[in-house]
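K.L.:
Sequence first, predicted coordinates after that:
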Amino acid sequence: MRAATMFVLVGLSGCSLIVPSPDEFTYDGEPDAGASDGGARDAGSDVDAGDRDAGPMSDAGPDAGCTGTEMLCSGSCVDTQTSVEHCGRCDAACETGWECRDGDCFDPVIDVSSGPTHSCARRASGQVICWGYNAQGQIGDGSVITRPTPVEAPLPMGSEQVVAGGFSFSSGNGFTCSRDRTGTSTCWGAQSGMMPLIRSLTPTAFTILSPATHLDLGDGIGCGILASGRLNCWGTLSFDMAVSEPTDISPSGLSGSWVATVDVGVRHMCATSRDGRVFCMGDNSLGQLGQDPASLAEATTLVEVAGLTDAEEVAVSGAATCVRRTGGRVSCWGAENMLGIGSGASVAHPAPVDVPGVTDAQSVVGAAGIGTATCALRADDTLTCWGYDFRVPITGDTAAPDPYTLPGAADVSQFSVGTGYMCLVHREGTANCIGRNFWGTLGDGTTTDSERLVQVALP
């Protein structure tokens, strides 16, 4: 807090004059109290100086009528520890979207997106910061240097959503996309393989996708929910299907606006409809499409999962699919050891089954890449996970056939799951990560794995 300095002047404040002797001075009020009057009477006037001293209106002296951490700014007492217009001192305004905390401007993290080997976070101001593996330029800072500490990906317009895409050593994929408030997409990194649609070390307009309300990325796969409510995707959508530009892959029979949510994995993807149904396509070797793999090994178009009419959100992981249903319960299908039902067997389980004890989920998220974890944000703002155990060393037994509560994950507002690691956002606007950190994926400035949540070093 900047301290105010007061000057006691004889005569008129702000003027420089020679004061005559007392017998030459003409009083038009009561006798002046002298230099030690403390402001009780103004010199040469019968007008009481009141509760304010002779200093400027922004003076925060003890006689200004303000209390505690308040200062007199623009004629009003304001708390400079919390005021975004006067943060720390008068007229020190924070940028749009920022908050004032303890007299310092702070740009809180709103959400985070974790890909297999890198993460990006979006702040209240619309700024995007990224960290982790960067061989394809997926961090967006113009380099291919791995970044264990977050750096900014400069965007021409603030971000409304950021998505960290998939990565594969074999395909060379590693990319990120952002969507601004107009629905325009900007991407960076490399989506190579069969279609080099994205190849840039810095954010570049992805003009071939129509304005979208939501984006999601997998390994070489990208999808956007358009403003029209249709689902457009591009890249390698399944083993035997690839498209070179965004294409409407909506199921036959569903006309008009139909899609509600979409989640894209490595080998399969799923979407929910506005009426609560679920549709999936891609690899079905372990029943992750909700179909018997004996009769359907792979689907090149979206097929419906039977028996679901109340799905509100879908989440895919390596070989499993989960949905959050009306009321908060979570149902999963696919590889049995990833469903949270206590089985360690990697066998197909195509029929949806409820995750025990999870009946109040606010959201559900599956792991990116080949990750096996799925987590749910509970009503009390804690996290329950299954399929992968973040609590044990990477070199240990990380299988988690039963649900468990993630230690230290309290007051969580949003989270995302990568491959062997995950990151979360607290309601206060800070971010933490846990798990594998070989490429700096935890964002704490190190490459040391952690079985406890560590704080992301926000710039």
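P.N.:
In hand now; what should we look at?

K.L.:
Please count neighbours and contacts with C-alpha atoms only from this point.
P.N.:
Fine.

K.L.:
Tell me who's in contact with Asn134.
P.N.:
His118, Ser143, Val144, Ile145, Thr146, Arg147, Gly174 (Cα atoms under 8 Å, 6 or more residues apart in numbering).

K.L.:
Quick one, which of these are buried?
P.N.:
By neighbour count, with 16 or more other Cα atoms under 10 Å, those hold His118, Ser143, Val144, Thr146, Arg147, Gly174 as buried.

K.L.:
which stretches of the protein have low pLDDT?
P.N.:
1-64, 167-172, 192-197, 237-241 (pLDDT under 70).

K.L.:
for it, what's the longest strand?
P.N.:
strand 159-168 (DSSP state E).

K.L.:
Which strands and helices lie in contact with that one?
P.N.:
With contacts taken as 3 or more Cα pairs under 8 Å, 6 or more residues apart in numbering; DSSP states H and E, strand 159-168 sits against strand 109-114, strand 118-123, strand 173-180, strand 212-217.

K.L.:
what residues does that strand touch?
P.N.:
112-122, 126-128, 138, 173-181, 214-221, 266, 368-369.

K.L.:
how far does the helix or strand encompassing Thr272 sit from the chain's center?
P.N.:
When elements are assigned from DSSP states H and E, Thr272 belongs to strand 268-273. Computed by Cα atoms, centre = their mean, to the nearest Å, the chain-centroid distance of strand 268-273 equals 22 Å.

K.L.:
Dump that strand to CSV, keeping only the CA atoms.
P.N.:
Below are the C-alpha coordinates for strand 268-273, written out as CSV (Å, rounded to 0.1, in the frame of the first residue of the first chain):
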residue,chain,number,x,y,z
HIS,A,268,-12.6,-44.4,-30.6
MET,A,269,-14.9,-41.4,-30.0
CYS,A,270,-18.4,-40.9,-28.7
ALA,A,271,-21.1,-38.2,-28.7
THR,A,272,-24.4,-37.7,-26.8
SER,A,273,-27.5,-36.4,-28.4
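
K.L.:
Next SSE downstream of that strand?
P.N.:
Sequence order places strand 278-283 as the next helix or strand after strand 268-273, per DSSP H and E.

K.L.:
and the buried ones among the contacts of Asn134 as a markdown table, adding distance to Glu451?
P.N.:
Formatted as a markdown table, the buried ones among the contacts of Asn134 follow (distance: Cα to Cα, whole Å):
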| residue | distance to Glu451 |
| --- | --- |
| His118 | 18 |
| Ser143 | 30 |
| Val144 | 28 |
| Thr146 | 22 |
| Arg147 | 21 |
| Gly174 | 26 |
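
K.L.:
Beta-bridge partners for the most centrally placed residue in the chain, please?
P.N.:
Nearest to the geometric centre of the chain sits Asp111, at 1.2 Å (Cα atoms, centre = their mean). Asp111 has the following beta-bridge partners by DSSP bridges: Arg122.

K.L.:
how about it, what does it touch?
P.N.:
Contacts of Asp111 (Cα under 8 Å, 6+ apart): Ala121, Arg122, Arg123, Gln414, Phe415, Leu424, Val425.

K.L.:
JSON lines for the residues you listed, including neighbour count and distance to Thr82?
P.N.:
Shown next, in JSON lines, are these (neighbours: other Cα atoms under 10 Å; distance: Cα to Cα, whole Å):
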{"residue": "Ala121", "neighbour count": "27", "distance to Thr82": "24"}
{"residue": "Arg122", "neighbour count": "24", "distance to Thr82": "22"}
{"residue": "Arg123", "neighbour count": "23", "distance to Thr82": "19"}
{"residue": "Gln414", "neighbour count": "22", "distance to Thr82": "24"}
{"residue": "Phe415", "neighbour count": "24", "distance to Thr82": "27"}
{"residue": "Leu424", "neighbour count": "28", "distance to Thr82": "25"}
{"residue": "Val425", "neighbour count": "25", "distance to Thr82": "21"}
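
K.L.:
quick one: which of those residues is nearest Arg436?
P.N.:
Leu424 (14.5 Å; Cα to Cα).

K.L.:
strands paired with the longest strand of the chain, and their directions?
P.N.:
Going by DSSP bridges, the partners of strand 159-168 are strand 173-180 (antiparallel).

K.L.:
now the partner strand against strand 109-114, angle please.
P.N.:
150 degrees (axes from the mean of the first three to the mean of the last three Cα atoms, to 10 degrees).

K.L.:
going forward, begin numbering at 621 instead of 1
P.N.:
Sure, I'll start numbering at 621, so the last one becomes strand 793-800.

K.L.:
Can you name the residues in contact with strand 793-800?
P.N.:
With Cα under 8 Å, 6+ apart as the criterion, strand 793-800 contacts 754-759, 777-788, 805-813, 818, 832, 834-835, 837, 839-840.

K.L.:
Just the buried subset of those residues, written out for ChimeraX, thanks.
P.N.:
In ChimeraX, this line selects whichever of the contacts of strand 793-800 come out buried by 16+ other Cα under 10 Å:
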select :754,755,756,757,758,759,778,779,780,781,782,783,784,785,786,787,788,805,806,807,808,809,810,811,812,813,818,832,834,835,837,839,840
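
K.L.:
Pull up the gap between Leu821 and Gly757, please.
P.N.:
Relative to Gly757, Leu821 is positioned 5 Å away (Cα to Cα, to the nearest Å).

K.L.:
Just give me the residues shared between the contact sets of those two.
P.N.:
Both Leu821 and Gly757 are contacted by Ser763, Val764, Trp808, Gly809, under the criterion Cα under 8 Å, 6+ apart.

K.L.:
Show only the entries of the residues you listed found in strands.
P.N.:
Trp808, Gly809.

K.L.:
Format the shared contacts of Leu821 and Gly757 as TSV; extra columns: distance to Trp1059.
P.N.:
Output for the shared contacts of Leu821 and Gly757, formatted as TSV (distance: Cα to Cα, whole Å):
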residue	distance to Trp1059
Ser763	15
Val764	12
Trp808	19
Gly809	16
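
K.L.:
Which single one of the shared contacts of Leu821 and Gly757 is nearest to Ala825?
P.N.:
Nearest to Ala825 among the shared contacts of Leu821 and Gly757, with distances taken as Cα to Cα, is Trp808, at 8.8 Å.

K.L.:
Do a quick rundown of the helices in this structure.
P.N.:
All residues of the chain lie outside helices when identified by DSSP state H.

K.L.:
ok, now how distant is Ala940 from Gly785?
P.N.:
In terms of Cα to Cα, Ala940 sits 18 Å off from Gly785.

K.L.:
Understood, closing this out.
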